[in-house]
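Asker: Sequence unavailable; structure follows:
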């Protein structure tokens with residue numbers, strides 16, 4: 001589902017039109033295969049082959065749906081900051097029994113340091129986006145997962161609760177606020193345990209940025225906080241590895257009205273504007289390069305897809321509805337644009 005299924009849904013819709021005599025408007029397909037590594041060559045390709053991107057409307061297919069029965073139109077994405085923190089103390093490994101109590105331990109220091117970056121609810125200390133309006137919160141409240149949803153869709157254990165959302169809908173924390181995740185460390189795996197004090201320890205941190213946050217500014221803020229709270233007098237290095245800004249979109253106008261009609265007919269329910277907590281750098285790039293072109297973001301994922309997991313899946317019933325919606329979308333866009341796109 002992430003993301004060959006999205007592409008297949010578009011190609012299947014196109015083939016359905018071809019089998020019925022041809023599509024009602026001009027369609028150009030562009031397949032970009034580097035999304036999972038940040039699309040490092042896409043901008044250069046855009047600049048070298050600008051004619052390939054000429055369009056009245058663009059449909060970008062790499063997004064989620066609130067459920068298998070309700071389609072989502074993605075209107076916001078979080079940005080991404082990847083950074084690495086390394087603490088050092090020694091020239092090499094030493095015996096923890098002989099030297100423990102005299103030497104600072106970089107591994108323990110790393111755990112303390114990373115833990116100090118978040119509060120008791122796992123929110124990044126001192127880094128928060130402005131709250132959303134009451135109208136927005138009311139609009140998305142029905143889309144917010146409760147703990148039972150988290151257990152069913154994300155595998156939350158029965159005796160563990162989700163993070164307390166407070167007075168906000170939970171999707172506000174998932175779509176419109178920053179979040180910190182440890183995605184790698186240099187600490188030994190259990191099978192390689194040894195009674196030693198490590199000379200150094202590092203962690204790679206992934207920070208999801210709220211729409212509007214700039215990666216460079218957030219990195220500078222976190223770097224300052226980290227360097228001010230290094231435990232045990234350890235040597236500290238902080239490096240930025242990647243930075244992608246977030247994105248938010250009004251999604252209004254004739255093209256989006258056309259999408260609404262197509263999806264309503266295919267799903268039997270209104271198309272719902274949603275956010276996605278993940279980061280899709282190529283979408284931000286399209287928004288920057290083509291600010292006046294409507295971008296319709298759809299996809300075939302649902303809460304139980306398990307994207308990036310070992311058992312990622314695609315719901316066949318949802319896929320069929322998305323294909324039908326894409327068939328109808330071409331017809332609706334042709335009527336809206338007068339057959340030229």
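Answerer: Done, it's in. Because the structure is predicted, anything quoted here is derived from the model rather than measured.
Asker: Go ahead and name everything in contact with the longest helix anywhere in the chain.
Answerer: As assigned by DSSP state H, the longest helix anywhere in the chain is helix 316-337. Contacts of helix 316-337 from elsewhere in the structure, counted by CB atoms under 8 Å, 6 or more residues apart in numbering, are 5, 8-10, 12-14, 16-17, 23-25, 27, 56-57, 59, 65, 68, 71, 254-255, 257-259, 261-263, 265-267, 296, 298-300, 302, 341. C-beta coordinates here come from the backbone N, C-alpha and C atoms, glycine included.
Asker: wouldn't residue 274 be in contact with residue 77 here?
Answerer: No: checked against CB atoms under 8 Å, the pair residue 274 and residue 77 is beyond contact range at 10.6 Å.
Asker: between the two, who's got more neighbours?
Answerer: Each of residue 274 and residue 77 had its neighbours counted (other CB atoms under 10 Å), and the higher figure belongs to residue 77 (29 against 21).
Asker: Without its sequence neighbours, what residue ends up closest to the more buried one?
Answerer: Nearest residue to residue 77 in three dimensions, chain neighbours excluded: residue 247, at 4.7 Å (CB to CB, 6 or more residues apart in numbering).
Asker: right, and the one you found touches residue 63 too?
Answerer: No: counting by CB under 8 Å, residue 247 does not reach residue 63; the two are 11.8 Å apart.
Asker: on that earlier part again, what average pLDDT does the longest helix of the chain get?
Answerer: Helix 316-337 carries an average pLDDT of 95.
Asker: If you count neighbours, what's buried in it?
Answerer: Within helix 316-337, the residues scored as buried using 16 or more other CB atoms under 10 Å are 318-319, 321-334, 336-337.
Asker: Identify the bridge partners of residue 59.
Answerer: For residue 59, the beta-bridge partners under DSSP bridges are residue 296.
Asker: follow-up on the earlier one: show me how far the longest helix of the chain is from its chain's centre.
Answerer: Remark: helix 316-337 is offset 25 Å from the chain centroid, using CA atoms, centre = their mean, to the nearest Å.
Asker: ditto for stretch 33-50
Answerer: On the basis of CA atoms, centre = their mean, stretch 33-50 is displaced by 18 Å from the centre of the chain it belongs to.
Asker: Need the contact partners of that stretch.
Answerer: 3, 32, 52, 53, 62, 242, 244, 280, 281, 282, 285, 289.
Asker: for the stretch 151-300 of the chain, which spans come out with low pLDDT?
Answerer: Within the stretch 151-300 of the chain, no range satisfies pLDDT under 70.
Asker: Equivalent analysis for the stretch 1-150 of the chain, please.
Answerer: For the stretch 1-150 of the chain, no range has pLDDT under 70.
Asker: how about the helices in the stretch 51-200 of the chain?
Answerer: 96-99, 106-115, 134-140, 147-154, 170-175 (DSSP state H, counting those that start in this stretch).
Asker: if I look at the residue nearest to residue 77, how far off is residue 65?
Answerer: In this view, residue 247 and residue 65 are 19 Å apart by CB to CB, to the nearest Å.
Asker: tell me the strands in the stretch 101-250 of the chain, going along the chain?
Answerer: 179-185, 196-197, 200-209, 235-244, 247-248 (DSSP state E, counting those that start in this stretch).
Asker: For the first one, buried residues please.
Answerer: Same thing as strand 179-185. Buried, per 16+ other CB under 10 Å, within strand 179-185: 179, 180, 185.
Asker: Closest one of those residues to residue 156?
Answerer: Residue 156 lies nearest to residue 179 out of these, by CB to CB, at 15.9 Å.
Asker: check contacts around the closest one.
Answerer: 78, 122, 123, 124, 173, 207, 208, 277.
Asker: That one pairs with what?
Answerer: Where residue 179 sits in a bridge, its partners, by DSSP bridges, are residue 208.
Asker: any idea which element the residue nearest to the spatial centre of the chain lies in?
Answerer: Computing the C-alpha centroid of the chain and ranking residues by CA atoms, centre = their mean puts residue 278 first, at 0.7 Å. Assigned by DSSP states H and E, residue 278 falls within no helix or strand.
Asker: What does it show for phi and psi?
Answerer: Here is the backbone geometry of residue 278 (degrees, to the nearest 10): phi -80, psi -180.
Asker: residues of stretch 301-310 that come out buried?
Answerer: Buried residues in stretch 301-310 (16+ other CB under 10 Å): 301, 302, 303, 305, 306.
Asker: correct me, but the fourth one touches residue 311?
Answerer: No: Residue 305 is not in contact with residue 311 according to CB under 8 Å; the separation is 9.7 Å.
Asker: what's the residue nearest to residue 315 when sequence neighbours are not counted in contact with, if anything?
Answerer: Closest residue to residue 315 apart from its sequence neighbours, by CB to CB, 6+ apart: residue 68 at 4.9 Å. Contact analysis of residue 68 by CB under 8 Å, 6+ apart lists 302, 315, 317, 318, 321.
Asker: Now do the first one, the pLDDT please.
Answerer: The reference is to residue 302. Note on residue 302: pLDDT of 86.
Asker: Contact partners for residue 119?
Answerer: Applying CB under 8 Å, 6+ apart, the residues near residue 119 are residue 125.
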